[in-house]
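K.L.:
my questions concern the predicted model and sequence given below.
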Amino acid sequence: MFCVARRLRIGSAIPFGCALAALWGAPVCAEGDTMLFTADTLELTGDARVVLVDGERSWLEGGYGKLRSSGAGDDFQARPEIGNLNLIWQPQFSWSLSATVVGSVQGGARSEGGLSQAYLSFRPMRGSSDLAFSARAGLMWPPVSLEHEGADWHVKDSITPSAINSWIGEEVKPVAIEGTAVATFGEHKLRATAAVLAANDTSGTLLTFRGWALHDRTTLAFRRQPLPPLDGELEEYQAPYTHPLLDVHSGFAHRPGYYAKIAWQPPIPIRLEFFRYDNRADPEDVNADLEWGWRTAFDNLSLVSDLGGRTQLKAQVIEGRTRMGYLEPTRRWVDNRFRSAFVMLVRRFGSARISLRAEAFDTGNRGSLVDSEYDETGWSGMIAAHHELGPFTGFVELLHVSSRREDIEAVGLKPCQRQTQLQAQLRMHW
């Protein structure tokens with residue numbers, strides 16, 4: 001059997017190299033557990049959808065709309081779209097060492113493609129003890145979301161994730177080295193995770209200037225996210241875009257951040273999780289493109305409970321703070337406190353499921369340049385149903401979001417914005 005290894009070149013070698021550094025020492029072909037290019041190591045996923053939506057133009061197209069697709073004001077606008085296409089490669093180098101590399105194409109407004117995740121995984125053989133260990137290193141999402149799963153990080157029970165996990169997908173994806181220990185104490189199970197991270201200095205930019213949003217677009221390596229129109233004073237200091245995967249200071253990992261998580265599974269059908277994230281960016285760091293360091297830290301509390309009768313409850317609460325700019329005189333230019341919470345019920349009916357979700361969110365700004373005029377309050381409600389049939393899954397979702405922020409009056413919009421979106425999606429995997 002002959003195997004051929006190809007060297008993949010990316011515009012910047014830092015995140016990709018962190019994930020695939022061990023590839024050069026791995027044999028191209030080997031006996032036993034090594035699998036590089038086989039049917040078991042490759043997977044293709046994707047979706048097509050029809051969207052009916054009203055309200056403002058999407059933030060992806062330079063507007064203030066909070067959804068992935070743009071509306072037509074008070075009128076509904078319908079369009080077919082290609083959603084997300086993902087090619088997943090998960091080679092196995094030995095029984096305990098593997099890798100995950102995901103290339104994605106995201107359709108709709110601002111269609112683009114790129115590298116989604118690239119990391120190594122280490123899972124040593126577990127003995128008879130009640131303690132297990134695993135590790136990851138590379139470009140990846142931290143273990144926060146209760147709604148996403150799989151190497152392609154797809155949304156499990158709906159089309160659109162909550163505002164919390166939409167923000168994680170768009171602004172919280174670092175390069176990290178992560179370790180996890182799982183211990184069993186009688187009927188209790190504890191999982192502890194800790195990581196050192198870099199290249200996430202600008203996290204918080206979108207959340208401040210645009211506010212919360214609900215969509216299934218995610219950050220791709222070396223790609224930038226657009227910001228809504230900035231007022232005259234802010235245009236002088238801030239680029240009209242943000243690169244979430246970026247070290248603003250010269251050099252890699254100049255000020256490494258961290259995240260940590262602990263999950264507790266007691267001998268009842270409940271799981272509790274606590275997650276802490278701090279990118280430790282310097283708020284006064286700025287590069288030649290006027291992208292700044294945003295010191296962003298947040299706490300996330302999650303609960304999953306099986307209620308019986310094939311019904312599951314999920315809940316997440318996040319609270320955090322992001323700061324940017326110089327002190328003038330005692331307040332930084334941006335000092336934004338943010339929070340959101342959702343409750344979700346999922347009911348199974350054989351191969352079909354129905355999901356209900358309600359969420360509230362807000363931001364509070366106390367900076368010297370970005371003050372309470374940029375505060376936001378809002379809520380959303382969602383109902384979704386899906387049915388699985390072999391490699392296909394069909395979804396129908398109705399989503400409504402309502403929000404208020406005063407600063408959008410400067411561009412001629414009403415402070416209170418409402419959007420309703422109906423989607424039908426066909427999801428596929430091979």
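P.N.:
Nice, I can see it.
K.L.:
not counting sequence-adjacent ones, nearest residue to residue 198?
P.N.:
Beyond its immediate neighbours in the sequence, the residue positioned closest to residue 198 (CB to CB, 6 or more residues apart in numbering) is residue 253, lying 3.8 Å away. In this view, the C-beta of every residue, glycine as well, is placed from N, C-alpha and C.
K.L.:
so that neighbour touches residue 247, yeah?
P.N.:
Yes: Residue 253 sits in contact with residue 247 when judged by CB atoms under 8 Å, with a separation of 6.9 Å.
K.L.:
now do the shared contacts for the two.
P.N.:
198, 199 (CB atoms under 8 Å, 6 or more residues apart in numbering).
K.L.:
so which of the two has more stuff around it?
P.N.:
Regarding residue 253 and residue 247, a neighbour count based on other CB atoms under 10 Å identifies residue 247 as having more, with 24 against 16.
K.L.:
phi, psi of that one?
P.N.:
Here is the backbone geometry of residue 247 (degrees, to the nearest 10): phi -100, psi 110.
K.L.:
which residues are in contact with it?
P.N.:
Contacts were defined as CB under 8 Å, 6+ apart; by that measure residue 247 touches 198, 199, 201, 253, 254.
K.L.:
now do the same contact list for residue 270.
P.N.:
Contacts of residue 270 were listed using CB under 8 Å, 6+ apart, and they are 303, 304, 305, 306.
K.L.:
neighbours of the residue nearest to the last one when sequence neighbours are not counted, how many?
P.N.:
Leaving aside its chain neighbours, residue 306 sits nearest to residue 269 (3.8 Å; criterion: CB to CB, 6+ apart). Burial of residue 269 is recorded as 13 neighbouring residues (other CB under 10 Å).
K.L.:
mind checking how far stretch 249-266 is from the chain centre?
P.N.:
Relative to its parent chain, stretch 249-266 has a centroid offset of 15 Å by CA atoms, centre = their mean, to the nearest Å.
K.L.:
got it, and stretch 384-398?
P.N.:
Taking CA atoms, centre = their mean, the mean C-alpha location of stretch 384-398 is offset from the chain mean by 22 Å.
K.L.:
cool, stretch 304-322 as well?
P.N.:
Distance, stretch centre to chain centre, for stretch 304-322: 17 Å (CA atoms, centre = their mean).
K.L.:
also stretch 155-173?
P.N.:
Taking the mean C-alpha point of stretch 155-173 and that of its whole chain, the gap between them comes to 5 Å (CA atoms, centre = their mean).
K.L.:
what mean pLDDT does it get?
P.N.:
In this model, stretch 155-173 carries a mean pLDDT of 97.
K.L.:
centroid-nearest residue for this structure?
P.N.:
Taking CA atoms, centre = their mean as the criterion, residue 169 is the residue nearest the geometric centre of the chain, at 1.5 Å.
K.L.:
wait, that one touches residue 218, no?
P.N.:
Yes: the criterion here is CB under 8 Å, and residue 169 meets it with residue 218 at 4.1 Å.
K.L.:
mutual contacts of those two, please.
P.N.:
residue 153.
K.L.:
count the residues that sit near residue 237.
P.N.:
Taking other CB under 10 Å as the neighbour definition, residue 237 ends up with a count of 16.
K.L.:
I figured it hits residue 325, correct?
P.N.:
Yes: Residue 237 sits in contact with residue 325 when judged by CB under 8 Å, with a separation of 7.3 Å.
K.L.:
shared neighbours, those two?
P.N.:
Residues touching both residue 237 and residue 325 by CB under 8 Å, 6+ apart: 292, 333, 369.
K.L.:
quick one, what contacts the first one?
P.N.:
Same thing as residue 292. 202, 205, 237, 238, 248, 283, 285, 286, 324, 325.
K.L.:
turn those residues into a markdown table, including distance to residue 373 and pLDDT.
P.N.:
Converted to a markdown table, the contacts of residue 292 look like this (distance: CB to CB, whole Å; pLDDT from 0 to 100):
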| residue | distance to residue 373 | pLDDT |
| --- | --- | --- |
| 202 | 22 | 97 |
| 205 | 18 | 97 |
| 237 | 17 | 92 |
| 238 | 16 | 95 |
| 248 | 26 | 93 |
| 283 | 20 | 97 |
| 285 | 26 | 96 |
| 286 | 23 | 96 |
| 324 | 17 | 97 |
| 325 | 16 | 96 |
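K.L.:
what helices and strands are in contact with the longest helix belonging to the chain?
P.N.:
In terms of residue count, the longest helix belonging to the chain (DSSP state H) is helix 163-171. On a contact count with 3 or more CB pairs under 8 Å, 6 or more residues apart in numbering; DSSP states H and E, helix 163-171 meets helix 205-209, strand 311-327, strand 332-349, strand 352-365.
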